[in-house]
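K.L.:
pasting the structure only:
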């Protein structure tokens, strides 16, 4: 099976950005099947979001065969522009979801990973060097997030359907926020899926009661995603408050400055408009809404 033909929803995200949480919760819903990002695109059909290989006992072959909406993940720092402007016949119905987490939280998680990898003598200890995290400091996140808005600009220009999904808002709202995303996608079975949507806890409890599976015995898979781990919204927000510099404002400023520097004067207004709405929402969310 050609993975390019089966991948309906592309989660474009950042490493350590909480995207496994979104992918797993889509995977729990009827008609969805989420794949792991840790394998090359050519091998996408062989692993689920938890890292289970098709030959593994935990890989749900029946669920895979019956799924209508296959989900896969890409890091926006490693995705070519063609992915956002590809309107060929086989990709014209593709939906992109930009999954976003506060840059300070991504930064802290990356450092935690690097410290652990260094302690365990893993090579490379910093797997994101080529993604723009060369200096391993918070300022690196400016260039990394600038790439997000460049991708959004291309989507707006090409007419590619996309949505921005905030990790923190999902932690706060849960099912209603996920329902809103699925409803906006206008999927063929969208109303049915939303009517029967399952929460993270409901799905895992059902596994326990119907299949006798202890959720803590589930293989956490690639990225060490632990489906049973509680992620608290309030604790996330408290950590964000410790951010030592206005990194969100600096990202927004850099995006605008780069457009002015790299665009012909007569096209600047049009170029700014391609990210104006999303940039304003990003700034509003992370400097105001999130703390309300």
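P.N.:
Good, I have the coordinates. The model shown is predicted, which means the values in this text are computed figures rather than measured ones.
K.L.:
pLDDT weak spots in the stretch 151-292 of the chain?
P.N.:
Applying pLDDT under 70 to the stretch 151-292 of the chain flags residues 207-231.
K.L.:
just the strands in this protein please.
P.N.:
7-13, 32-34, 69-75, 95-100, 162-166 (DSSP state E).
K.L.:
Now tell me what touches stretch 71-83 from outside.
P.N.:
If you take CB atoms under 8 Å, 6 or more residues apart in numbering as the criterion, stretch 71-83 is touched by 3, 7-15, 19, 23, 26-27, 32-37, 41, 44, 49, 96, 98, 128, 131-132, 144, 147-148, 151, 154. All C-beta atoms are positioned from the backbone trio N, CA, C, and that covers glycine.
K.L.:
just the buried members of those residues?
P.N.:
Using 16 or more other CB atoms under 10 Å as the burial test, the contacts of stretch 71-83 include 3, 7-15, 19, 23, 26-27, 32-37, 44, 49, 96, 98, 128, 131-132, 144, 147-148, 151, 154 as buried.
K.L.:
neighbours around residue 251, how many?
P.N.:
Around residue 251 there are 22 other residues, counting by other CB atoms under 10 Å.
K.L.:
cool, the one 5 residues further on as well?
P.N.:
Under the neighbour criterion other CB under 10 Å, residue 256 is assigned a count of 16.
K.L.:
For it, give me its contacts.
P.N.:
Going by CB under 8 Å, 6+ apart, residue 256 touches 272, 279.
K.L.:
mind running it again at 7 Å?
P.N.:
Neighbouring residues of residue 256 by CB atoms under 7 Å, 6 or more residues apart in numbering: residue 272.
K.L.:
what's the answer for residue 48, then?
P.N.:
When contacts are counted by CB under 7 Å, 6+ apart, residue 48 touches 27, 34-36, 59.
K.L.:
Make a markdown table out of the strands of the chain and add distance to residue 199.
P.N.:
Listed next are these as a markdown table, based on distance: least, CB to CB, whole Å:
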| stretch | distance to residue 199 |
| --- | --- |
| strand 7-13 | 19 |
| strand 32-34 | 14 |
| strand 69-75 | 18 |
| strand 95-100 | 18 |
| strand 162-166 | 17 |
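K.L.:
So for residue 197, which of the ones you listed sits nearest?
P.N.:
Closest approach to residue 197 among the strands of the chain is made by strand 32-34 (10.5 Å; CB to CB).
K.L.:
what's the distance between that closest one and the middle of its chain?
P.N.:
Mean C-alpha position of strand 32-34 versus that of the full chain (CA atoms, centre = their mean, to the nearest Å) differs by 14 Å.
K.L.:
Show me what that strand is packed against.
P.N.:
helix 19-27, strand 69-75 (3 or more CB pairs under 7 Å, 6 or more residues apart in numbering; DSSP states H and E).
K.L.:
List of residues touching that strand?
P.N.:
Outside strand 32-34, the residues that touch it by CB under 7 Å, 6+ apart are 23-24, 26-27, 48-49, 63-64, 67, 69-71.
K.L.:
of those residues, closest to residue 233?
P.N.:
If you rank the contacts of strand 32-34 by distance to residue 233 using CB to CB, residue 24 comes first, at 17.2 Å.
K.L.:
what about the longest helix in this protein?
P.N.:
Counting residues, the longest helix in the chain under DSSP state H turns out to be helix 140-158.
K.L.:
Can you give the contact residues for that helix?
P.N.:
Helix 140-158 is contacted from outside by 12, 14, 76-77, 81, 84-85, 87, 96, 98, 103, 106-107, 131-134, 162, 247, 250-251, 254-255, 258, 274-275, 278-279, using CB under 7 Å, 6+ apart.
K.L.:
neighbours around residue 124, how many?
P.N.:
Residue 124 has 11 neighbours, counted by other CB under 10 Å.
K.L.:
try residue 81
P.N.:
Residue 81: 12 neighbours (other CB under 10 Å).
K.L.:
Could you do residue 153 as well?
P.N.:
Residue 153: 22 surrounding residues under other CB under 10 Å.
K.L.:
Great, nothing more from me.
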